[in-house]
Structures are given as C-alpha cells and as structure tokens.
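S.K.: Any chance you can model this:
(chains A and B)
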Amino acid sequence: MASLDLKNISFSYEKDKKVLNNISLSINSTQIVSLVGVSGSGKTTLFDIAQRNKKPNSGEVINSFETLSFVFQETRLLPWKNLIDNIMFSLIESKEDKKTIEKKAKDMALALGLEENDFQKYPKHLSGGMAQRVSIARALVTKPDILFLDEPFSALDIGIKKEIFNILIDLCKKEDIALFFITHELSDAIKLSDKILLMDKKDSGSIIQNSIELTTPQNKRDSKYVYQKMVELLENKNIKDIFCL
Amino acid sequence: MKKLFFTFLSLGLFFAFWQIGHIYFGELVLPDIFDTLKMGVSFFTDKEVLENLSLTFQRIFIGLGSVLFVATIFGVIASSIKSIEYMMTPLVTIMLGMPSIAWIVLAMMWFGMGDGTVIFVIFIALFPIVFLGAFQGVQTIDKRLIDMANSFDISLKNKFLNIYIPHMFSYIFPSWLTAIGLSWKIVIMAELISSDDGMGSLLAIARSQLDTTMVMALLIFMVSLLILLERVILEPLKRRLESWRV
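M.R.: Next comes the predicted model:
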C-alpha cells in the first residue's frame, strides 16, 4: 500500500526559531487526512516539505505514491489560457495526443460541475467558485494517487463549498485518491476527513499526537453531523488550546 | 453612433477653422483645405511619393526590426542577470534622457547623410522603451505560477512557452506598439534633417520651396498612414492577442 510518511521533521527559517518541531505523520492510500491549525502554525511549511518544495533541517520524507497533485489556496490559473486549456496544462507533458487530453479535461470539468458554455472563458470571467473548480479539475485530471489541498476553499461561500466537497469525496473514493488537506476550518475537516491532525502553534509547530479518527462515511455527514461533531470537538482540551478558546 | 457623431463634428470643426484661417491669413500660412486634401489623396497614386514612402518603410523595417529583436533580448537577459541589469541601467537612463534630435546630430557626424543615420536614430531612440518593456515583463512574472507548474513537473520548455512568453508578451507587446508608432515620427524627423530621400526629405524640399500646400498635404498623408497602420493592423492584432485581458 502506497503511503506518504513524514518522520521527525523539523524546520526553521531563522536560526533558533523553529517553525516545525519534530513532526511525524503518515497518510495511506485512499485516506483523507486533514491538518488543522490556526494561521501561522506552520501548516503550509509542512505542506511544502511534504511536496519536497522545501528541505527540512532534520527528519525525512518517504513517499511511495507515484503521482502527486496539488490545489493551492489561490487558484493559480494561467490568465491567458481559457478554462479547458488551464485544465489541460497539467497534462502538457503527457505523451497522449491533444484530442485525448482535451477529452479528459472536458470530462473532468463536467464532473466538477462546470458547464460546456464556460469552457472557452478566461479566468478573469470566472467566479471564485468556478475558478477553484478549474484548479481542482487541473489537479485531478492527472489521476493522482494523492492530492494535496492547501486551504483551497477558504474564499468560497458555504453552498459552493458543500457542492465541491461532495464532488471531491465522490471522486476520491471512486478513484482511490488519498487526500492531504490543510485547513484552519474545523468544520471543513470534519466534513472531509478520515483522520484529523491538530497542529499547535505554541510549541513551535508540532502535531498533537492523538489524532481524531472519524468513522462515519463522508456521504452520510450532513450539516447536523458536522455541527454535532464540532460541538463535541470544541470540548476537546487540545482544540481549545490550539484555537485559544 | 454618438461617438462617431462627435468624431466627425470634431474633424469638421478642425477643417472649418483651418479654412477660416486660410481665408484670413492667406495661402502661405494655411493652404486651401480642398486643394490640400486633393493633393494628399493624389499621393496614394503618385510614383515619386510612393518610391520615397517605400524607402522610408525600408528604413523603419530595418531599424524597428533590429531594435525589437536586440532590445527585447537585452531586457530579458538584464532581468535575469543582476550584473547585466546594473550595467544596463545607466545606459538606458542616458538613452531615455537624450532627445532624439541630439542623436540625429551625432549620427550625422558618425554615419553621414542617408540610411545609416536614420536607422541608427530609430534604433537608439526606441531601445530604452523596448528594453524596459521586456525587462518588466520578466520581473513581474508571478512566482506562484512557476511553483504551480513545478508541482506538475512541467518542463522548462513548456514553462517558457506557456508561462514566461505569454506573460512577457503582455508587457512587451504594448512597448512594441509604442515603438512602432514612434518609429514613424522619428524616421520622418531623421530624414528631414539628415537624408535627401524618403518622406522626411520630401517635407524638407516642400519647406524650402515654401510650398505650404505640399507640406500640409504630406502631413495629412503621413498621419493618415499612421492611423491606418494603428487601426487596421496594430489594434486588431492587440485585441486578438490580449482577448484574455478584456
């Protein structure tokens, strides 16, 4: 079984000022893992290390997933490419012919709730929700084994967020894609995750070891479930500490 | 429709004041508008004018072509290599500060009368504009887009074709358009002073003969060509290439 393992990762931007302190975590294939913490707790730094964009000062990253894909906080669409070309961009190195790639991109766009009328539109003319769907489609069209999400839903309103979550859960479960999701929204983590990891800022970016496992299938997690779980978790001492409640 | 009405109204008023000026001050100061327009239109079929026009175009083509090519490359290199940027900055500042007329004087001493001077002046006067366009084009690339491309293991070639070039082009192209418009003005000025052929020299001959009708007709002809170039070729091209911005 493929996995991504981070072992005893420490990282600092300046000497003697650790951002990440001895962090270990593991994500197995088909698992959805969320990393929750307040802004500035080092989530994105850890994310960069997991993607090998940054080198840790100590510790190691062991990755046996073959294909990785990323969705960023900002959509990072190419403004001079239309919707479909933006999705196709992640497959540009593919050996397949252009028609096949285009078909894959269109299918993925439709799967994410985008409409054919919008395919020729440039990012400037897309709403925030549509643009984020495009960036998710761009990541998923590569058929990744693991998808990294760096708070991509923070600017979306609740209805669009819910719709994208449902599509994402369906696709990930159907295609056996593992998901590593960073967020500061506890409710988003409850809706999506199999496992929630809590990141604490106080002790210079460390993960609180007792992770929260959620066993209810994602498609059964309605608003009531999320709300109840949220109330329950907010009683948790670690969460109170992390969010300074 | 409203815009068209006011455009024609403005042109109509301009020509009316011109004609009043002609009646009031006489032929030498302002020629008859109808004679001038007639002469201006006749230039489109006048062999001598067309030969001179072709010569002027050749000079623009060589000067502009070389400055677009060289200054763009220098701009890209300078924005990527700090030492080149530091070396280029004072030179570009000097070039920007120098009036085109000063370059003409120098070029006449270096190259004499003719092609060399005109082409050199186009090149040197437009170099800083094109250089800065290319320089800023590279400088302002959004590094997050490059990170995104790296996350999908996109090759350098494809990053160049799909990110660097389209982004740079959005800066370079407006500077090219400015350069093309300016080149027309500079070449006329350079030819007027330093050449015995080309459209500028026709203007110089008309001036020396105190032929105001010819001077005005030439000016109308030149401005019409510039407007034609901008409206028929450059602006549609710009709209097409930058449709993603609108």
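S.K.: Next, the buried residues of stretch B:158-176.
M.R.: Across stretch B:158-176, burial judged by 16 or more other CB atoms under 10 Å in any protein chain shown covers B:159, B:162-164, B:166-173, B:175-176. Quick note: C-beta positions are derived from backbone N, CA and C, even for glycine.
S.K.: Now do the contacts for the residue most central in space within chain A.
M.R.: Nearest to the geometric centre of chain A sits residue A:149, at 1.8 Å (CA atoms, centre = their mean). By CB atoms under 8 Å, 6 or more residues apart in numbering or on different chains, residue A:149 lies in contact with A:70, A:71, A:179, A:180, A:181, A:182.
S.K.: Output the buried residues of stretch B:158-176 as CSV; include the columns secondary structure.
M.R.: Below are the buried residues of stretch B:158-176 laid out as CSV (DSSP: H, G, I helix; E, B strand; the rest coil):
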residue, secondary structure
B:159, helix
B:162, helix
B:163, helix
B:164, helix
B:166, helix
B:167, helix
B:168, helix
B:169, helix
B:170, helix
B:171, helix
B:172, helix
B:173, helix
B:175, helix
B:176, helix
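S.K.: about what we covered before: can I get the contacts of residue A:149 in TSV including secondary structure and pLDDT?
M.R.: Below are those laid out as TSV (DSSP: H, G, I helix; E, B strand; the rest coil; pLDDT from 0 to 100):
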residue	secondary structure	pLDDT
A:70	strand	91
A:71	strand	92
A:179	strand	92
A:180	strand	92
A:181	strand	90
A:182	strand	89
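S.K.: What subset of those residues is buried?
M.R.: Buried among these (16+ other CB under 10 Å): A:70, A:71, A:179, A:180, A:181, A:182.
S.K.: Which single one of these is nearest to residue A:224?
M.R.: residue A:181 (21.8 Å; CB to CB).
S.K.: I'd say that closest one and residue A:191 touch.
M.R.: No: between residue A:181 and residue A:191 there is no contact under CB atoms under 8 Å: 10.2 Å.
S.K.: In the worst-scoring helix or strand of chain B on mean pLDDT, which residues are buried?
M.R.: Ranked by mean pLDDT, DSSP states H and E, the helix or strand of chain B with the weakest confidence is helix B:235-241, at a mean of 82. Within helix B:235-241, the residues scored as buried using 16+ other CB under 10 Å are residue B:238.
S.K.: how about the residues of chain A that lie near chain B?
M.R.: For chain A, the residues in contact with chain B (CB under 8 Å from any CB of the partner chain) are A:51, A:53, A:68-70, A:72, A:74, A:76, A:78-82, A:89-90, A:92-93, A:122-124, A:142.
S.K.: try 7 Å this time
M.R.: A:51, A:70, A:72, A:74, A:76, A:78-80, A:89-90, A:92-93, A:122, A:124, A:142 (CB under 7 Å from any CB of the partner chain).
S.K.: Could you tell me which of the residues you listed count as buried?
M.R.: By neighbour count, with 16+ other CB under 10 Å, the residues of chain A next to chain B hold A:51, A:70, A:72, A:74, A:76, A:78, A:80, A:89, A:90, A:92, A:122, A:142 as buried.
S.K.: just the buried residues of stretch B:158-176 that are near chain A?
M.R.: The subset of these within reach of chain A, by CB under 7 Å from any CB, is B:162, B:163, B:166.
S.K.: In terms of model confidence, name the weakest of the residues you listed.
M.R.: Among these, residue B:166 has the lowest pLDDT, at 88.
S.K.: Okay, that residue and residue B:77: tell me how far apart.
M.R.: Distance of residue B:166 to residue B:77, given as CB to CB, to the nearest Å: 19 Å.
S.K.: Tell me where chain B has helices.
M.R.: Secondary structure of chain B (DSSP state H): helices at B:2-25, B:33-42, B:47-80, B:82-97, B:100-111, B:115-139, B:143-151, B:156-159, B:165-194, B:199-208, B:212-228, B:235-241.
S.K.: nope, chain A is what I was after
M.R.: Along chain A, the segments classed as helices by DSSP H run A:43-50, A:83-89, A:98-111, A:128-140, A:158-175, A:186-192, A:223-234, A:237-242.
S.K.: What residues sit buried inside the longest one?
M.R.: Of the residues in helix A:158-175, those buried under the neighbour-count criterion (16+ other CB under 10 Å) are A:160, A:161, A:162, A:164, A:165, A:167, A:168, A:169, A:171, A:172.
S.K.: which non-adjacent residue is nearest the first one?
M.R.: So the one you mean is residue A:160. Spatial nearest neighbour of residue A:160, chain neighbours left out: residue A:129 (3.8 Å); criterion: CB to CB, 6 or more residues apart in numbering or on different chains.
S.K.: what's the burial count for the one you found?
M.R.: By other CB atoms under 10 Å in any protein chain shown, 19 other residues sit near residue A:129.
S.K.: Now do it against residue A:161, distance only.
M.R.: Applying CB to CB to residue A:129 and residue A:161 gives a distance of 8 Å.
S.K.: Give me every residue in chain B lying close to chain A.
M.R.: Residues of chain B lying close to chain A by CB under 7 Å from any CB are B:144-145, B:148, B:151-155, B:158, B:162-163, B:166, B:244.
S.K.: Just name the shakiest helix or strand of chain A by mean pLDDT.
M.R.: Lowest mean confidence among the helices and strands of chain A (mean pLDDT, DSSP H and E): strand A:206-213, at a mean of 72.
S.K.: just to revisit the earlier point, and the buried ones among the residues of chain A next to chain B, which two are furthest apart?
M.R.: Greatest spatial distance in these: A:51 and A:122, 27.8 Å, computed using CB to CB.
S.K.: sorry, back to before: which one among the ones next to chain A among the buried residues of stretch B:158-176 gets closest to residue B:106?
M.R.: Ranked by distance to residue B:106 (CB to CB), those are led by residue B:166 at 38.2 Å.
S.K.: ok, that closest one touching residue A:89?
M.R.: No: at 11.6 Å, residue B:166 does not count as touching residue A:89 under the criterion of CB atoms under 7 Å.
S.K.: Let me know how buried residue A:17 is, in neighbour terms.
M.R.: Using other CB under 10 Å, residue A:17 is surrounded by 8 other residues.
S.K.: what's in contact with stretch A:43-61?
M.R.: A:4, A:6-12, A:19-20, A:23, A:35, A:37, A:68, A:70, A:148, A:150, A:180, A:182, A:199, B:151 (CB atoms under 7 Å, 6 or more residues apart in numbering or on different chains).
S.K.: Stretch B:113-126 now?
M.R.: Applying CB under 7 Å, 6+ apart, the contact partners of stretch B:113-126 are B:59-60, B:62-64, B:66-67, B:95, B:100, B:103-104, B:107-108, B:111, B:179, B:182-183, B:186-187, B:190-191, B:194-196.
S.K.: Apart from its chain neighbours, what residue comes closest to residue 37?
M.R.: No chain specified, so I'll use chain A. Distances taken as CB to CB, 6+ apart place residue A:199 nearest to residue A:37, at 3.2 Å, with adjacent residues excluded.
S.K.: oops, chain B please
M.R.: In this structure, residue B:37 finds its nearest non-sequential neighbour in residue B:220, 6.9 Å apart by CB to CB, 6+ apart.
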